[in-house]
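**Student:** what shape does this take:
(4 chains)
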There are 2 protein chains.
Amino acid sequence: MGYRIAIFDDNKNVRESISLLLSTQHDFELVGSFSNAKDCIADVITCNPDIILMDIEMPDVSGIQAVESIKKEFPSIQVLMQTVFEDDERVFDSICAGASGYILKNQLNNKLIDFIRELHDGGSPMSPSIARRVLNKMQLAAPDFKVETHNYHLSAREKEVLACIVNGLSHKMIAEELSITYETVRSHVKKIYEKLHVVSIAQAVSKAMKEKLV
Amino acid sequence: MGYRIAIFDDNKNVRESISLLLSTQHDFELVGSFSNAKDCIADVITCNPDIILMDIEMPDVSGIQAVESIKKEFPSIQVLMQTVFEDDERVFDSICAGASGYILKNQLNNKLIDFIRELHDGGSPMSPSIARRVLNKMQLAAPDFKVETHNYHLSAREKEVLACIVNGLSHKMIAEELSITYETVRSHVKKIYEKLHVVSIAQAVSKAMKEKLV
DNA sequence: TTTAACATCCCCTATTTGTGGTATTGTTTA
DNA sequence: TAAACAATACCACAAATAGGGGATGTTAAA
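**Tutor:** Just a heads-up that it's a prediction; the model follows:
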């Protein structure tokens, strides 16, 4: 089965050299080549690719916006970002937008073919320095991932009330929201405090958010 | 400049075959080979490696615990995890513990040399499927990363007070904590609410934690 | 079938918090 | 140097929250 590949890049030379490179592989088929991501959804519908090579810096619509809308419409398409930039922000925005790989353009020529195959086989090709950035970011965010998640045995109703509290509603507003009386809200809150071992709204919100209880 | 490499792996065959593989590279030097991470800190001091190949599953002390303590003591040593496991938990625990790369053992033979060089050059070699898991994890955690971080121009003192509130202290306790009067705390709180555009403790805590203001 | 947990509602009291002011002092900056 | 901000402190009143009860009906588990 061949790979259907599309390119978005505003640089004509880049598009042409990639086209030439892809043509050396008998099982690669370049089904689309676009200088602009303005109509990327329509373009993708037209050419129906499996894999998209996406430049980040393009006029009008950035590659990051493009990958976001493409992945929303076609989650199974794999997008490989390619750029000269490797600042943290662009890297993480791309990944969060749904890119499955991120490579620097200086590595284009020699490795692109391998990277595309790796992508197709369920891998996530990244330039070495990008991969390092990604790991560093995860290490920084480690506390966010490693949440000690006790189970406080809150009932469904109690979780609802707690969610309202975290969203900043007063007891009175929670009563309205859940169509119960103020006194019932108070009963739930008392029970929540007991179960979480807290004694105030501030502590409850803090604990709920820290331990992702809502 | 040569690479000083140490191995931790409980399987003697693995250690020997890696040793053999490394010996084919004139600039690689195997400075230590250990079947156990019990004394990993002492071992590392003794053999002084630049790079460590760490097996995950070892008796007594796991590779994850080992990398955690090694990175704590010697942050500049690069650790490459190698394992047959690729469950999410072990992958992320390893990365959070400070590993700079993570490769599956079935790819050992042919690629290990390249991976070690990549690691040494500031990259983070990962097996393709591992890289994909890492990106998926980041995408899932995207909301945690993409914090719209307004600047509310809180003064240093106001941030202190806000931190106390988030930690669940009452105004009275904050007064004691910061050695100011109760009324001053209330003044700060008023100002904080004004700047954050909130009207209650719950909202303040919620906003402060969501936007990582403390 | 008794018990336990849950959801609902009510009362009383005390404390904490929210809102509106005012005021002094020192520092920074336009 | 005047204006703006920051940190401190106080007062008064209103509203919200916290803690102690008690009560009822339902449902699910032992």
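**Student:** residue A:176 sits in which helix or strand?
**Tutor:** Secondary structure assignment for residue A:176, by DSSP states H and E: helix A:171-178.
**Student:** what's that helix packed up against?
**Tutor:** helix A:156-166, helix A:182-196 (3 or more Cβ pairs under 8 Å, 6 or more residues apart in numbering or on different chains; DSSP states H and E). Placement of C-beta: from N, CA and C, glycine included.
**Student:** turn these into JSON lines, including mean pLDDT, distance to chain B and mean neighbour count.
**Tutor:** Listed next are the helices and strands packed on helix A:171-178 as JSON lines, based on pLDDT from 0 to 100; distance: least, Cβ to the nearest Cβ, whole Å; neighbours: other Cβ atoms under 10 Å in any protein chain shown:
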{"stretch": "helix A:156-166", "mean pLDDT": "97", "distance to chain B": "6", "mean neighbour count": "19"}
{"stretch": "helix A:182-196", "mean pLDDT": "97", "distance to chain B": "11", "mean neighbour count": "16"}
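**Student:** so can I have a markdown table of the ones you listed showing distance to residue A:135?
**Tutor:** Formatted as a markdown table, these follow (distance: least, Cβ to Cβ, whole Å):
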| stretch | distance to residue A:135 |
| --- | --- |
| helix A:156-166 | 32 |
| helix A:182-196 | 34 |
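**Student:** of the ones you listed, which is nearest residue B:165?
**Tutor:** Nearest of the helices and strands packed on helix A:171-178 to residue B:165, taken as Cβ to Cβ: helix A:156-166 at 14.6 Å.
**Student:** and residue A:98, how far is that from residue B:140?
**Tutor:** Distance, residue A:98 to residue B:140, by Cβ to Cβ, to the nearest Å: 11 Å.
**Student:** ok, back up a step: contacts made by the helix holding residue A:176 with the rest, please.
**Tutor:** Contacts with helix A:171-178, where a contact means Cβ atoms under 8 Å, 6 or more residues apart in numbering or on different chains, come from A:160, A:161, A:164, A:165, A:169, A:181, A:182, A:184, A:185, A:186, A:189.
**Student:** more neighbours, residue A:98 and residue B:140?
**Tutor:** Per other Cβ atoms under 10 Å in any protein chain shown, whichever of residue A:98 and residue B:140 has more neighbours is residue A:98, with 20 against 11.
**Student:** the more buried one contacts residue A:81, doesn't it?
**Tutor:** No - contact criterion Cβ atoms under 8 Å: residue A:98 and residue A:81 do not qualify, at 10.1 Å.
**Student:** which neighbours do the two have in common?
**Tutor:** residue A:67.
**Student:** what segments of chain A are strands?
**Tutor:** A:3-8, A:28-34, A:51-55, A:78-83, A:101-104 (DSSP state E).
**Student:** reformat those strands as TSV; add distance to DNA strand C, mean neighbour count and mean pLDDT.
**Tutor:** TSV is the format used below for the strands of chain A (distance: least, Cβ to the nearest atom of the strand, whole Å; neighbours: other Cβ atoms under 10 Å in any protein chain shown; pLDDT from 0 to 100):
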stretch	distance to DNA strand C	mean neighbour count	mean pLDDT
strand A:3-8	44	23	95
strand A:28-34	47	19	95
strand A:51-55	41	26	96
strand A:78-83	38	25	94
strand A:101-104	40	24	93
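**Student:** one step back: then the helix holding residue A:176 to CSV, C-alphas only?
**Tutor:** The C-alpha trace of helix A:171-178 is given here as CSV (Å, rounded to 0.1, in the frame of the first residue of the first chain):
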residue,chain,number,x,y,z
HIS,A,171,-23.9,28.1,48.4
LYS,A,172,-26.9,30.0,47.4
MET,A,173,-26.0,29.9,43.8
ILE,A,174,-25.3,26.2,44.0
ALA,A,175,-28.8,25.6,45.5
GLU,A,176,-30.3,27.3,42.4
GLU,A,177,-28.0,25.5,40.0
LEU,A,178,-28.8,22.1,41.4
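**Student:** tell me the mean pLDDT over it?
**Tutor:** The average pLDDT for helix A:171-178 rounds to 97.
**Student:** for residue A:133, what are its contacts?
**Tutor:** Residue A:133 touches A:86, A:88, A:91, counting by Cβ under 8 Å, 6+ apart.
**Student:** between the residues you listed, which is nearest DNA strand C?
**Tutor:** DNA strand C lies nearest to residue A:88 out of the contacts of residue A:133, by Cβ to the nearest atom of the strand, at 29.0 Å.
**Student:** contacting residues for that closest one?
**Tutor:** Residue A:88 neighbours (Cβ under 8 Å, 6+ apart): A:133, A:137.
**Student:** now it: how far from residue A:136?
**Tutor:** 9 Å.
**Student:** kindly report the same for residue A:68.
**Tutor:** 24 Å.
**Student:** of the two, who's got more company?
**Tutor:** residue A:68 (17 against 14).
**Student:** out of the contacts of helix A:171-178, who's near DNA strand D?
**Tutor:** When Cβ under 7 Å from any atom of the strand is applied, the members of the contacts of helix A:171-178 adjacent to DNA strand D are A:186, A:189.
**Student:** which of the contacts of helix A:171-178 lies closest to residue B:50?
**Tutor:** For these, the nearest to residue B:50 is residue A:165 (51.7 Å; Cβ to Cβ).
**Student:** would you confirm that that closest one contacts residue A:201?
**Tutor:** Yes - with contact defined as Cβ under 8 Å, residue A:165 reaches residue A:201; the gap is 6.3 Å.
**Student:** who touches both of the two?
**Tutor:** residue B:202.
**Student:** tabulate the contacts of helix A:171-178 (CSV), appending distance to DNA strand C.
**Tutor:** Below are the contacts of helix A:171-178 laid out as CSV (distance: Cβ to the nearest atom of the strand, whole Å):
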residue, distance to DNA strand C
A:160, 8
A:161, 8
A:164, 12
A:165, 12
A:169, 12
A:181, 4
A:182, 7
A:184, 4
A:185, 8
A:186, 6
A:189, 10
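**Student:** which pair of the contacts of helix A:171-178 spans the longest distance?
**Tutor:** Longest span within the contacts of helix A:171-178, Cβ to Cβ: A:165 and A:181, 16.6 Å.
**Student:** who are the neighbours in contact with residue A:60?
**Tutor:** A:36, A:37, A:38.
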